[in-house]
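# Starting from these lines, generate the structure:
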Amino acid sequence: MQKAYEERRTRYGTPERRHIQQIAFPSAEAAENAAQRIAQGTSFEEVAKDLGKTEKDIDLGTVTKAGLIDRTVANAAFALKEGEVSAPVQGRFGPVLLRVVKIEPEQIRPLQEVAGELKQELATARAKADVLKVYDQVEDARAEGKTLAEAAENLKLPTRTIEAIDRSGRDPGGAPIKLPDEQRLLEAAFTTDVGVEHDPLQTQDGYVWFDVVGITPSRERPLDEVKAQVEQRWRDQEIATKLDAKATEILDKVKSGSSLADAADHLKVETLTGLKRGHASGPLSATAVDTVFRTAKDAAGRENAEQPGEQVIFRVTDIVVPPLDLQSADTKRMVETLNRSLSDDLLGEYISRLESEVGVTINQSALNQAVGGGSGDDN
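Residues are numbered from 1 along each chain as shown. Coordinates of the predicted model:
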């Protein structure tokens, strides 16, 4: 566990972040003169002000080392102490002076905190290796001429016989049959023939081998044979039609100004609070909750309920936006992603401008390699 944790250590935390200021200069001489002024007591902000720059102009924000496009600038900025000003740095777009305003140290979750998920990851990796071993054993047995049932018996693997199933995954009585990776398995089974050997289906949890041992040709069943199913489908359709009409009637009343209690006509009315996007709550499915979040305050809507065959009419009475925690790991990752995206957009605009004004063509492959900075070393 300790070894695996050390190998994956960077995955369990947020990297060091620094609030960095940068002043760009037209020449190395100008940058050197500014560095001497700062060494003699002139403030970083005053030097920037003399160049006509505001604090906003020189602020690069709080970024990770990987979030800085220019690797030379990144290496210099992350070698400084908090409050320290760099010597002139020859960046990719000209000489600059850098200042580190604040340092946020790297935060790594301890082993005790991630032990559960790490143990699960290691167990899954071992299980995948075991699955591949079983895969080879089954394929070797089939290559020797053994049937699928014989191979499974030798390896003590569970087998299952399905007497009859149609293309929609139902038995002769119309009841659904539960299958692993149902859609792909049915598609494969109905595009092969009796006695044809084929590759197993790879699923999220392993592999599924199957053989088709018999085919019943399709036929049109007489009414007497399917009368019960026809009646049930007709009833279901009638219920769905009436339910839709009732839901529309209630929703129209609510939109006209009636309260839910008055419009519901003795149906159950309840209040749900603390809904979170993408999470089911009470009678609301996750899809219904997402619909609620797309609805304005005081507006009403309708959606399918968590239980099949039910609908929910709702009104949004309040919208609460939780306070933004700027120190949370999620927020920091979001800011880092936005900063990187903004940097990429700015660089793209700069390149397009160069191509247009100078009349050159950029080698995009070489540029991507240079901007990416390789593995993050000094090369």
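# buried set for the longest strand seen in the chain?
Of all segments of type strand in the chain, defined using DSSP state E, the longest is strand 94-104. By 16 or more other C-beta atoms under 10 Å, the buried positions in strand 94-104 come out as Pro95, Val96, Leu97, Leu98, Arg99, Val100, Ile103. In this view, the C-beta of every residue, glycine as well, is placed from N, C-alpha and C.
# Let me see the mean pLDDT of the following helix or strand past it.
Once strand 94-104 ends, the next helix or strand along the chain (criterion: DSSP states H and E) is strand 107-108. Taken as a whole, strand 107-108 carries a mean pLDDT of 84.
# Ok, stretch 346-356 next?
For stretch 346-356, the mean per-residue pLDDT is 76.
# got the CA coordinates for that stretch in PDB?
Extracted C-alpha coordinates of stretch 346-356, given in PDB (Å, rounded to 0.1, in the frame of the first residue of the first chain):
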ATOM      1  CA  LEU A 346      -4.600  33.900 -25.800                       C
ATOM      2  CA  LEU A 347      -1.700  32.000 -27.400                       C
ATOM      3  CA  GLY A 348      -3.900  30.900 -30.200                       C
ATOM      4  CA  GLU A 349      -5.000  34.500 -30.800                       C
ATOM      5  CA  TYR A 350      -1.400  35.700 -30.800                       C
ATOM      6  CA  ILE A 351      -0.300  33.100 -33.300                       C
ATOM      7  CA  SER A 352      -3.300  33.900 -35.600                       C
ATOM      8  CA  ARG A 353      -2.300  37.600 -35.500                       C
ATOM      9  CA  LEU A 354       1.300  36.800 -36.300                       C
ATOM     10  CA  GLU A 355       0.300  34.600 -39.200                       C
ATOM     11  CA  SER A 356      -1.900  37.400 -40.600                       C
END
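# Within the sheet, what are the partner strands of the host helix or strand of Arg18, with directions?
Following DSSP H and E, one finds Arg18 within strand 17-24. Strand 17-24 has the following strand partners under DSSP bridges: strand 59-64 (antiparallel), strand 94-104 (antiparallel).
# can the ones you listed go into TSV with extra columns for mean pLDDT?
Below are the strands paired with strand 17-24 laid out as TSV (pLDDT from 0 to 100):
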stretch	mean pLDDT
strand 59-64	91
strand 94-104	94
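# between these, which one is nearest to Met334?
With C-beta to C-beta as the measure, strand 59-64 is the member of these nearest Met334 (12.5 Å).
# Please enumerate residues in contact with the strand holding Arg18?
Here strand 17-24 makes contact (C-beta atoms under 8 Å, 6 or more residues apart in numbering) with 34, 44, 47-48, 51, 53, 55, 58-65, 68, 73, 77-78, 91, 93-104, 332, 336.
# so what pLDDT did Gly359 get?
For Gly359, the pLDDT comes out at 69.
# What of the one 4 residues further on?
Each residue has a pLDDT score; the one for Asn363 is 66.
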